[in-house]
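*Asks:* only geometry, no sequence info:
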């Protein structure tokens, strides 16, 4: 397909008249908007509950599935599986994104939460290496692959649904509340693991206690599915469907033109300052604080939990600021702040003791909260309605697979290769610099209707 024809394929055209769909804001009452945001947030909360549980349980999973005389080798193997699952995210985006653009946001999100819950619960049922040998880590990889496939569509679908219900002037703020579901899942996972570590003896945690957080995914998934079944479809998608303007091949429409690649590039710039710091905080830090800073497991989980609570408090501020001052200025300020604070945060972390470590984590958590709060709206505004789910899913999936997912593994490897516990700060710097440069060249999109073509 030529670039010109592919660009035309992105436009919304009715088959009967060929007229372009006119943009216009749909006014939704607050009760409906709250219900939609809750329904979208539930699945994202479950996704990140499972994600953080894996990171928090990494030392135990390493010994259960990758027994080794060197604990660092087992931990690296566990984080490698963690990163490998993120390769599935763009594949999940390639599946769920086009499906969501063809059959609707609501139905796709219902299917995603079923796959997610079953994949997560299956990890809690797996026998370890001692029982079935090498088959144990293979099955763990398959389960994590299933989690990655479902996660590839969860956040993009949830953000698309909420964003298409939101008003033009408050889209940043409204989509920031979606991050509360993510953060609630993170906090719930950390608190749950903290409670388990406090009440269950270490030997029992090693033998069966680690399974409990994964099995919780089944009842959580059932609750999420029920809530999602009680909301209506996105008004933007219904309009596209009513006018017969859906794109039959969203991926081809997106990737078959230079315009589509520019959309992906713009969306990626807003994802860069989010992913690596998030996975450093959520999945790398619990093990880092124990192995390098020498905190107890309980202290490490408590410190990370406090940092995430702070992130949750400031997330709406990030969305509000992006609505007020614009997507571009906030992206630039965010990147400059990350460059200025990455190494001071790790200096505090490496000082030793609970209080300095907590201070370093809170610095990372504050910036993480602002970044996630202003992330979704500009990504949604990068894509027109017929390919919005697909575009968001691919942009997030690729950045997560290539950068965010490998973060725990790369950070652990960097420390071993350089002998410096400050090395992971360079990962934050490496993502902030290109996003800062890109902020000077992208167009502003706040306080405008979502694009239709």
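*Replies:* Arrived safely, thanks for sending. Bear in mind that the values here come from a model prediction, so they are computed numbers and not experimental data. Numbers count the residues shown, from 1 in each chain.
*Asks:* need the residues that contact stretch 216-234.
*Replies:* 32, 35-36, 38-39, 42-43, 45-46, 49-50, 104-106, 109-110, 113-114, 116-118, 120-121, 124, 160-161, 164-165, 192 (CB atoms under 8 Å, 6 or more residues apart in numbering). To be clear about C-beta, it is placed using only N, CA and C from the backbone, and glycine gets the same treatment.
*Asks:* how about a cut-off of 6 Å?
*Replies:* 35-36, 39, 42-43, 46, 50, 104-106, 109-110, 113, 117, 120-121, 161, 164 (CB atoms under 6 Å, 6 or more residues apart in numbering).
*Asks:* and stretch 308-323, by the same measure?
*Replies:* With contact meaning CB under 6 Å, 6+ apart, stretch 308-323 is reached by 172-173, 176, 179, 183, 186-187, 330, 362, 365-366, 368-370, 372-374, 446.
*Asks:* wait, what's in contact with residue 152?
*Replies:* Applying CB under 6 Å, 6+ apart, the residues contacting residue 152 are 89, 92, 93, 397.
*Asks:* helix or strand next in line after the helix or strand hosting the third one, which one?
*Replies:* Yep, that's residue 93 we're talking about. Assigned by DSSP states H and E, residue 93 belongs to helix 71-103. Next along the chain after helix 71-103, taking DSSP H and E as the criterion, comes helix 105-125.
*Asks:* what secondary structure does residue 245 sit in?
*Replies:* Using DSSP: H, G, I helix; E, B strand; the rest coil, the three-state assignment for residue 245 comes out as coil.
*Asks:* and it, how many neighbours does it have?
*Replies:* Residues near residue 245, counting by other CB atoms under 10 Å, number 20.
*Asks:* got the phi and psi for it?
*Replies:* The phi/psi pair for residue 245 (degrees, to the nearest 10) reads phi -110, psi 10.
*Asks:* tell me how far it lies from residue 236.
*Replies:* The gap separating residue 245 from residue 236 is 11 Å, by CB to CB, to the nearest Å.
*Asks:* what's the answer for residue 295, then?
*Replies:* In terms of CB to CB, residue 295 sits 47 Å off from residue 236.
*Asks:* higher neighbour count, the two?
*Replies:* Counted by other CB under 10 Å, residue 295 and residue 236 do not tie: residue 236 has more neighbours, with 24 against 21.
*Asks:* what residues sit buried inside the helix or strand that contains the more buried one?
*Replies:* Using DSSP H and E, residue 236 sits in helix 235-242. Within helix 235-242, the residues that qualify as buried are 236, 237, 239, 240, counting by 16 or more other CB atoms under 10 Å.
*Asks:* ok, the second one - contacts?
*Replies:* Translated: residue 237. 104, 105.
*Asks:* sorry, back to before: filter the contacts of stretch 308-323 down to the ones in helices?
*Replies:* Counting by DSSP state H, the part of the contacts of stretch 308-323 found in helices is 172-173, 176, 179, 183, 186-187, 330, 362, 365-366, 368-370, 372-373.
*Asks:* tell me where the stretch 101-250 of the chain is predicted with low confidence.
*Replies:* Under the criterion pLDDT under 70, no range of the stretch 101-250 of the chain is flagged.
*Asks:* quick one: contacts for residue 366?
*Replies:* By CB under 6 Å, 6+ apart, residue 366 lies in contact with 310, 314.
*Asks:* and residue 388, what helix or strand is that in?
*Replies:* helix 388-399.
*Asks:* can you check what angle separates that helix from helix 105-125?
*Replies:* On the basis of axes from the mean of the first three to the mean of the last three CA atoms, to 10 degrees, helix 388-399 is oriented at 30 degrees to helix 105-125.
*Asks:* after helix 388-399 comes which helix or strand?
*Replies:* Following helix 388-399 in sequence, per DSSP H and E, is helix 407-418.
*Asks:* now do that following helix: distance to the chain's middle.
*Replies:* 21 Å (CA atoms, centre = their mean, to the nearest Å).
*Asks:* over to stretch 368-388?
*Replies:* 12 Å.
*Asks:* my read: residue 361 touches residue 305, true?
*Replies:* No - contact criterion CB atoms under 6 Å: residue 361 and residue 305 do not qualify, at 9.5 Å.
*Asks:* higher neighbour count, these two?
*Replies:* residue 361 (26 against 23).
*Asks:* mind listing what the nearest residue to that one once chain neighbours are set aside touches?
*Replies:* What sits nearest to residue 361 in space, not counting adjacent residues and going by CB to CB, 6 or more residues apart in numbering, is residue 307, at 3.8 Å. Shown in contact with residue 307 (CB under 6 Å, 6+ apart): 361, 362, 365.
*Asks:* ok, now residue 139?
*Replies:* residue 126.
*Asks:* can you check residue 173 too?
*Replies:* With CB under 6 Å, 6+ apart, residue 173 has these contacts: 319, 320, 323.
*Asks:* next step: those restricted to helices.
*Replies:* Among the contacts of residue 173, the residues falling in helices (DSSP H) are 319, 320, 323.
*Asks:* count of neighbours near the residue lying closest to the last one once chain neighbours are set aside?
*Replies:* What sits nearest to residue 323 in space, not counting adjacent residues and going by CB to CB, 6+ apart, is residue 172, at 4.1 Å. A count of nearby residues for residue 172, using other CB under 10 Å, gives 31.
*Asks:* measure residue 172 to residue 67 for me?
*Replies:* For residue 172 relative to residue 67 (CB to CB), the value is 47 Å.
*Asks:* tell me the mean pLDDT over the helix or strand hosting residue 286?
*Replies:* Counting by DSSP H and E, the element that carries residue 286 is helix 285-291. For helix 285-291, mean pLDDT rounds to 86.
*Asks:* ok, the residue positioned nearest the centre of the chain to residue 97 distance?
*Replies:* The centre of the chain sits closest to residue 155, judged by CA atoms, centre = their mean, with a distance of 6.3 Å. Using CB to CB, residue 155 is found at 11 Å from residue 97.
*Asks:* next: residue 446.
*Replies:* Residue 446 sits 24 Å away from residue 97, going by CB to CB.
*Asks:* higher neighbour count, those two?
*Replies:* residue 97 (31 against 21).
*Asks:* my guess is that one meets residue 393, correct?
*Replies:* Yes - between residue 97 and residue 393 there is a contact under CB under 6 Å: 3.5 Å.
*Asks:* which residue, other than its chain neighbours, is closest to residue 356?
*Replies:* residue 348 (4.9 Å).
*Asks:* let me fix that, I meant to ask about residue 351.
*Replies:* residue 357 (7.5 Å).
*Asks:* got the contact list for that neighbour?
*Replies:* Counting by CB under 6 Å, 6+ apart, residue 357 touches 293, 303, 349.
*Asks:* quick one: the first one is in a strand?
*Replies:* No - with three-state DSSP as the criterion, residue 293 is located in coil rather than a strand.
*Asks:* tell me how far residue 50 lies from residue 100.
*Replies:* Residue 50 is 21 Å from residue 100, by CB to CB.
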